[in-house]
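Chemist: structural data only, the sequence is not supplied:
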């Protein structure tokens, strides 16, 4: 069985400007495919991460990259998910990505944030880090902070 990990970025008009996807085997997390789509013309509007859109250029050997219109990206993504028999999609703050990619509502979405931000499920959260009674970090549980922590 295979899984997909998806991340989206949006512009200030709340339109998707990029989609990154990694497909991996569920049993050992071996990466089978990486794809990165830059969505045009939405990518031309101001966004928080506009300067990062093309950082993938330096890593283009790792990604089959496409600059396409949204419908082309979604069609290609759905074809990939079907080809690899994906039923489960993982994302950091999955509700946001799922809402951005409403065409993928039929898939089972799982939120990586729910594991990363809680002391009970993340061994990298030390006793000295401020947490709520539930075990969730009070601050610093964004993707960048989590990667730095690990």
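Modeler: Nice, thanks for sending it over. Predicted model only: the values in this text are computed from it and were never measured.
Chemist: now do the strands in this protein.
Modeler: Assigned by DSSP state E, the chain shows strands spanning 2-10, 16-25, 31-39, 64-68, 88-91, 108-111.
Chemist: lowest-pLDDT helix or strand in this protein?
Modeler: strand 64-68 (a mean of 65; mean pLDDT, DSSP states H and E).
Chemist: list the buried residues in the lengthiest helix in the chain.
Modeler: Identified as the longest helix of the chain according to DSSP state H is helix 70-83. For helix 70-83, burial by neighbour count (16 or more other Cβ atoms under 10 Å) applies to 70, 73, 74, 76, 77, 78, 80, 81. (C-beta placed from N, C-alpha, C; glycine too.)
Chemist: swap in stretch 10-19?
Modeler: For stretch 10-19, burial by neighbour count (16+ other Cβ under 10 Å) applies to 10, 11, 16, 17, 18, 19.
Chemist: now do the longest helix of the chain: which elements does it pack against?
Modeler: Where contact means 3 or more Cβ pairs under 8 Å, 6 or more residues apart in numbering; DSSP states H and E, helix 70-83 is packed against strand 16-25, strand 31-39, strand 64-68.
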